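Asker: how would this look folded up:
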Amino acid sequence: MSDLDLTKIGNILKTQRLAQNLSLRDLSAKSNIAASTISQIETGKTSPNLMSLKALCDSLKLPVSALFLDDAADRIKLVRKSEQQTFVRNVSNGKESIESLITKGTNEMWGGIINVPAKTDSGNYSRHGGEEFVFILKGTLTFDLEGNETYLLEERDTLYYPNYIGHRWRNDTDEDVEFLIVTTSPYNF
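Answerer: You can find the predicted model right below:
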């Protein structure tokens, strides 16, 4: 790595650490890397190995890829309507369409519009990493969080939950339901 790369990586790590109100000792405890080593990495005085970078990034909840992007402009992605992709999957009694709104980027987040036909459900509980946000655009949808409540969501209602909780939905109505879903992990079709 060049000196410029080391300085940039150090600045990103330090900015993230300070944004999370963590001291060097706090980050050291979370990452199992000596505070003095973290300080040297942040100031560009030492070249960290990949395992150290991963440990620091995991502790800061920062993707390692963020350290190697040229600048913030690399993280901005415009997806035109013509570039959006629609997927169809079989569900009980019909086919559910999923319009992927985010087709570019580093896969740190995914968003889509899901159309749930009348009298269908998503099937078994789904579990994955990250968090998920649901916003009902049209209709009424029953959302089931395993081991928790079942929620009846109506137009403009929102639901936010960690993805490690099993989740599934069903449309008990005679009308199609459309909802926006945003998740911090890639969506499996």
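Asker: Need phi/psi at residue 16.
Answerer: Note on residue 16: backbone dihedrals following degrees, to the nearest 10 are phi -70, psi -40.
Asker: who's in contact with it?
Answerer: Going by Cβ atoms under 8 Å, 6 or more residues apart in numbering, residue 16 touches 60, 62. (Glycine included, C-beta is placed from N, CA and C.)
Asker: Residue 147 now?
Answerer: By Cβ under 8 Å, 6+ apart, residue 147 lies in contact with 165, 166.
Asker: Give me the below-cutoff pLDDT ranges for the chain.
Answerer: 1-4, 69-76, 90-92, 103-107, 185-189 (pLDDT under 70).
Asker: Apply 50 and report the result again.
Answerer: Across the chain, the ranges flagged by pLDDT under 50 are 189.
Asker: what domains does the record give for it?
Answerer: Taking automatic domain parsing as the criterion, the chain consists of the domains 3-75, 81-183.
Asker: quick one, helices of the chain?
Answerer: For the chain, the helices defined by DSSP state H cover 3-19, 24-31, 35-42, 50-60.
Asker: now the third one, how far from the chain's geometric center?
Answerer: Centre-to-centre, helix 35-42 and its host chain are 29 Å apart (Cα atoms, centre = their mean, to the nearest Å).
Asker: Could you check that helix and say which residues are buried?
Answerer: Counting neighbours by 16 or more other Cβ atoms under 10 Å, one finds that the buried residues in helix 35-42 are 37, 38, 39, 40, 41, 42.
Asker: same deal with the second one?
Answerer: Buried positions in helix 24-31, judged by neighbour count with 16+ other Cβ under 10 Å: 24, 27, 28, 30, 31.
Asker: Out of these, which is nearest to residue 57?
Answerer: Closest approach between those and residue 57, by Cβ to Cβ: residue 31, at 9.0 Å.
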